[in-house]
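J.: have a look; sequence and predicted model below, questions after that.
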Number of protein chains: 2
Amino acid sequence: MRIRFYNAKILTMESMDIIDGELWTDDDKISYVGKKPEHIPSFNREIDIKGDLLMPSFKDCHTHSAMTFLRSYADDLPLQDWLFKKVFPQEGKLTGERVELFARVALLEYLTSGITSCFDMYFYPGYFARLCAKYGFRGVLCGELTQGDDIETLEERYVNLNSFSPLVSYKLGMHSEYLCPIEMIRGVSELAHKYKAPVFMHNSETEKEVKECRERYSLSPTQLFDREGVFDYGGGGFHCVWLDDEDMRIFKERGLWAVTNPASNLKLASGIAPLQKILDCGVGISIGTDGAASNNCLDMFREMYLAAALQKVKTGDAAACPADEVLKMATVNGAKTLGLDDCDVLAKGKQADIIEIDLHQPNMQPQHDIVKNIVYSGSKQNVKMTVCAGRILYRQGEFFVGEAPEDVYAAANEEVKRIIDG
Amino acid sequence: MRIRFYNAKILTMESMDIIDGELWTDDDKISYVGKKPEHIPSFNREIDIKGDLLMPSFKDCHTHSAMTFLRSYADDLPLQDWLFKKVFPQEGKLTGERVELFARVALLEYLTSGITSCFDMYFYPGYFARLCAKYGFRGVLCGELTQGDDIETLEERYVNLNSFSPLVSYKLGMHSEYLCPIEMIRGVSELAHKYKAPVFMHNSETEKEVKECRERYSLSPTQLFDREGVFDYGGGGFHCVWLDDEDMRIFKERGLWAVTNPASNLKLASGIAPLQKILDCGVGISIGTDGAASNNCLDMFREMYLAAALQKVKTGDAAACPADEVLKMATVNGAKTLGLDDCDVLAKGKQADIIEIDLHQPNMQPQHDIVKNIVYSGSKQNVKMTVCAGRILYRQGEFFVGEAPEDVYAAANEEVKRIIDG
């Protein structure tokens, strides 16, 4: 399948300049990006972009997709009540089939927000992997090892899910220091060394988490993981709200990714991550939505706005965390965090993971600076098309994933009722 | 013109219950809201809402509409550079015609976000009033008196613009304590007494503003205005980030509205308003977007999310500032702030200022709680229709304002170039 997207503005993210031209795909890859050439070959399909913007798709670097089932179920509650009285009891009723159903809602939502890959940490990863392959979505799964699990399962999933589909990959990971005993942390470190692989986990999301880790080990979570060799082949942490200077030094030295989740951190009252300071330390930042139970929506525009705007109020400096940096976090850095080195920018030979931003909307006027317009004014409403691995999965409000969204919504609502009532 | 909207879920905001039924309009008014009755009369138009939600439209209680012309022109700069080197010099080049042109962009954007009324404070209010009447948008203008202006102009506008069109009204107002000498503040107070009218102004937006006012008068801005009798007939303040206990007592006693602008306060690093504390004091809160140069978009969904989520992180309590309260701020309280007492809820005899929220989107699934879905997950993408005074001004991405949006965008971009280059 060869598609020609013409009459476009293009932000390749190799540079931040915007060119007028076209982009061609050949199956899953980009075959041309640039000005309209003299000779135009034949295509299976030609799409007039009408002056809209083509750019790399967003990568959601931390989420729990199937948690859509608890969206708006238990908000406006203190964190401990939310987690122990509401979330955990309902999660106990999940099955693989249920995870797959609720993850469908998430995948549809990602597409409306221009997200083509997510770093999913949740139960029943095999079900999620199959769903991604079926929908044509690029799923990167993260080990979610927690107390009571065994390390062999993690290794088995690592081996199996990394050879399951070209659209699916799997990273070593564990839930967090506070849910993983020291033997488990050491076991993960052994796997990291065996496979020379990066490791990811929740890290320093709340002040309490860091305080209790220090009480147990006289070390922060980052320092503990580093002492145990967990980060010897890289990786990163989710949230990173309470990193201290020494933690940031380790992140820099080990090439770790700090994945920020600003909306979730606000809504669960966890705090505002020190992104400008992390940037100043030379640590790479990418962005995640976290799950829909805590955020509550899977929207990269909200996250980008918050990543920028919260730093301004946190540092007292309106110049902090500028828009260009934030757009890189949501795209290029996201791809690098996920090990998707061929999904980072728009260039010949790269994977065709592309979005079309509708510039013909009032919130994109005037066009002083399209990048700032996207980060500070953009919304899901501006996502006109989402392309993953060369397949158009969403365009002009319609989904092309092999099933009707209404059927997914109906099934999800029914199943949710069964869970809550059951 | 009589329109029947049927097959709808309806949130009247008289109560927070959602009913299945229909809503009818007769010209600018609502003629029926409730379950589908036995007998259905004839209509000029019948619209199947297909299970989406009808609710009162949003009211944007503080904005500078024409400032769209500086959107993304000068972000990521320290506040003083932004204001004195970038904003003020360009604003000096505005004319009435230019204000009207750039306000068109804003009106289109309000409609995409379900906003049917805004409280506009800017130069050349006569031009803005004419535009509102032309588009069918409900404009409430706020006096923007500032140093160098004369009090007679404020009175003249108050008299003339309050009798200009049923869609237009005008409130007494001045820019702020820091841009108004004490004689001017006293002049406004005299007008308030003469017309028994409420008065509005920027109030306690930055810590510096409050500190310098205390240096001048040994009083906070709120206390100064109150001492001068400015608030004897009510009114309110924009921003209210740095109100203290005594200020809140005055707000409560005088029945003043605290208009919060969370996105602008973040982006300009002004701070996070103490909304939960203001609520606890029994003071009414409504929401504004502020202008596009500081926000940068005119999106009530962003403001609602921030109003709720920022309080959670500010107070350290995930239960702070719940969704129901925030939805009231954006609708019912907004109408009351603007003196639009017949635009607050959906009920027979009220003005037909209505929006349709698209519930057939992944971000609205599952439907545990539609109000929480709107506040925590909603976006412009969910605004399917915006109706003002019984006229459909926006539906399914199309505008019905008497001119093509593309023409407005083109003219605005051209004129902006002339201003910046000129």
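T.: Cool, got the structure. Numbering: from 1, shown residues only, chains lettered A, B, ... in the order given.

J.: what's near enough to touch the nearest residue to A:His64 once chain neighbours are set aside?
T.: Nearest residue to A:His64, sequence neighbours excluded (C-beta to C-beta, 6 or more residues apart in numbering or on different chains): A:Gly291, at 3.5 Å. Where C-beta positions appear, they are placed from N, C-alpha and C, glycine not excepted. In this structure, A:Gly291 makes contact with A:Thr63, A:His64, A:Ser65, A:Met67, A:Thr68, A:Leu70, A:Tyr122, A:Ser264, judged by C-beta atoms under 8 Å, 6 or more residues apart in numbering or on different chains.

J.: what's the pLDDT at the fourth one?
T.: In this case it means A:Met67. Note on A:Met67: pLDDT of 96.

J.: how much space between the nearest residue to it once chain neighbours are set aside and A:Ala269?
T.: Spatial nearest neighbour of A:Met67, excluding adjacent residues (C-beta to C-beta, 6+ apart): A:Gly291 at 3.3 Å. Distance, A:Gly291 to A:Ala269, by C-beta to C-beta, to the nearest Å: 16 Å.

J.: so, low pLDDT: which residues of the stretch 151-300 of chain A?
T.: Within the stretch 151-300 of chain A, no range satisfies pLDDT under 70.

J.: all strands for it, in order.
T.: Remark: strands assigned in the stretch 151-300 of chain A by DSSP state E, counting those that start in this stretch are A:168-173, A:199-203, A:235-239, A:257-260, A:284-287.

J.: mean neighbour count and distance to chain B added to the ones you listed, as a markdown table?
T.: A markdown table is the format used below for the strands of the stretch 151-300 of chain A (neighbours: other C-beta atoms under 10 Å in any protein chain shown; distance: least, C-beta to the nearest C-beta, whole Å):
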| stretch | mean neighbour count | distance to chain B |
| --- | --- | --- |
| strand A:168-173 | 23 | 21 |
| strand A:199-203 | 27 | 17 |
| strand A:235-239 | 27 | 13 |
| strand A:257-260 | 30 | 14 |
| strand A:284-287 | 24 | 16 |
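
J.: so for B:Arg227, which of those strands sits nearest?
T.: Taking C-beta to C-beta, strand A:257-260 is the member of those nearest to B:Arg227, at 45.8 Å.

J.: give the other helices and strands that that closest one contacts.
T.: strand A:58-63, strand A:235-239, strand A:284-287, helix A:332-337 (3 or more C-beta pairs under 8 Å, 6 or more residues apart in numbering or on different chains; DSSP states H and E).

J.: export the ones you listed as TSV, with columns for distance to B:Arg45.
T.: Listed next are those as TSV, based on distance: least, C-beta to C-beta, whole Å:
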stretch	distance to B:Arg45
strand A:58-63	40
strand A:235-239	51
strand A:284-287	44
helix A:332-337	46
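
J.: surely A:Ala103 meets A:Phe69?
T.: No. Using C-beta atoms under 8 Å, A:Ala103 is not in contact with A:Phe69, being 9.5 Å away.

J.: now the strands of the stretch 151-300 of chain A in TSV, with distance to B:Glu205?
T.: Putting those into TSV (distance: least, C-beta to C-beta, whole Å) gives the following:
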stretch	distance to B:Glu205
strand A:168-173	44
strand A:199-203	36
strand A:235-239	31
strand A:257-260	27
strand A:284-287	29
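
J.: mind checking the ones you listed for the one nearest to A:Leu191?
T.: The nearest among these, by C-beta to C-beta, is strand A:168-173 at 5.7 Å.

J.: how far does that closest one sit from its chain's centre?
T.: Taking C-alpha atoms, centre = their mean, to the nearest Å, the mean C-alpha location of strand A:168-173 is offset from the chain mean by 13 Å.

J.: hmm, back to that, quick one: which of the helices and strands packed on strand A:257-260 is nearest B:Pro78?
T.: B:Pro78 lies closest to strand A:284-287 among those, at 22.2 Å (C-beta to C-beta).

J.: with only the CA atoms kept, save the closest one in CSV.
T.: Output in CSV follows, covering the C-alpha atoms of strand A:284-287 (Å, rounded to 0.1, in the frame of the first residue of the first chain):
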residue,chain,number,x,y,z
GLY,A,284,15.8,13.2,29.0
ILE,A,285,12.1,13.7,29.6
SER,A,286,9.1,12.0,28.0
ILE,A,287,5.4,12.2,28.7
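
J.: and the angle for the helix or strand just after it with helix B:300-315?
T.: Where DSSP states H and E defines the elements, the next helix or strand beyond strand A:284-287 is helix A:300-315. Here the directions of helix A:300-315 and helix B:300-315 differ by 40 degrees (axes from the mean of the first three to the mean of the last three C-alpha atoms, to 10 degrees).

J.: quick one on the thing from earlier: of the contacts of A:Gly291, closest to chain B?
T.: For the contacts of A:Gly291, the minimum distance to chain B (C-beta to the nearest C-beta) is 6.7 Å, reached by A:Thr68.

J.: part of a strand, is A:Glu46?
T.: Yes. Per DSSP: H, G, I helix; E, B strand; the rest coil, A:Glu46 lies within a strand segment.

J.: and it, what does it touch?
T.: If you count contacts by C-beta under 8 Å, 6+ apart, then A:Glu46 has A:Ile3, A:Arg4, A:Tyr6 around it.

J.: tell me the pLDDT of it.
T.: Reported pLDDT for A:Glu46: 98.

J.: any idea how far it lies from chain B?
T.: 23 Å (C-beta to the nearest C-beta, to the nearest Å).

J.: and that residue, what are its bridge partners?
T.: Following DSSP bridges, A:Glu46 is listed with bridge partners A:Arg4.

J.: and stretch A:105-123, average pLDDT?
T.: 98.

J.: over to stretch A:31-43?
T.: 97.

J.: how about the strands in the stretch 1-150 of chain A?
T.: A:2-11, A:18-26, A:29-34, A:45-48, A:53-56, A:58-63, A:115-120, A:138-142.

J.: show me what the first one packs onto, helices and strands only.
T.: If contacts are counted by 3+ C-beta pairs under 8 Å, 6+ apart, strand A:2-11 sits against strand A:18-26, strand A:45-48, strand A:53-56, strand A:354-357, helix A:370-372.

J.: does A:Ile10 have beta-bridge partners, and which?
T.: Beta-bridge partners of A:Ile10, counted by DSSP bridges, are A:Ile19, A:Leu54.

J.: quick one, domains of chain A?
T.: A:2-56+A:350-399, A:58-337 (automatic domain parsing).
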